[in-house]
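S.K.: sequence-free structure coming up:
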C-alpha cells in the first residue's frame, strides 16, 4: 500500500460544491491500494502513520506524532499513486488494486483508523473530489508498505 502524507494546518474535501470531510491541524492521507495488498499491509501502514513523528515539539524539532498533537486524519482514496510512467508519457495504473478491492481496503483502512484515532474524516471513494489544504511546513512524506 502507498500513502502520501501532507502535514496540514487544515484540509477539506469537496464533492459537487459540498464539503464531505474536513480537519484542522493533522495529516492529509492520500491512500492507494495496489494489486496484492491486504488487511495486514493496511494495518501496518496505519500504525506507521499514527506514530510517525513529523510534528514539531517545543524546541521546533520533528518529534511528535499526529496522536501526540491530537490532530486529525483526512483520508482520501488516490489510485493515481500507483501510476507507472516508465513506458512513456501517459501513466499506466495497472498496479492499482481493482476498484472493488481498492474500495474494500480503503473502507477497511478508514474503519481501523476510526477505531484507533479520535478525529478521522474522509473523501468518497471513486468520486470526483476537490481537495483543499494548507500544507504546514511544507511537509510531504511518501510511504510504501509492502509484504
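M.R.: Arrived safely, thanks for sending. Please read these numbers as outputs of a predicted model, since none were measured by experiment. Numbering: from 1, shown residues only.

S.K.: secondary structure class for residue 131?
M.R.: strand (DSSP: H, G, I helix; E, B strand; the rest coil).

S.K.: Look up how far residue 130 lies from the closest residue to it other than its chain neighbours.
M.R.: Distances taken as CB to CB, 6 or more residues apart in numbering put residue 13 closest to residue 131, at 5.4 Å, once the chain neighbours are dropped. (Glycine included, C-beta is placed from N, CA and C.) According to CB to CB, to the nearest Å, residue 13 stands 7 Å off from residue 130.

S.K.: Which one's more surrounded, those two?
M.R.: In this comparison of residue 13 against residue 130, neighbours counted by other CB atoms under 10 Å, the higher total goes to residue 13 at 24 against 12.

S.K.: State whether that one and residue 29 are indeed in contact, as I suppose.
M.R.: No: proximity of residue 13 to residue 29 does not meet the contact threshold set by CB atoms under 8 Å, at 11.5 Å.

S.K.: okay, and the common contacts of the two?
M.R.: Contact criterion CB atoms under 8 Å, 6 or more residues apart in numbering; residues bridging residue 13 and residue 29 by contacting each: 74, 76.
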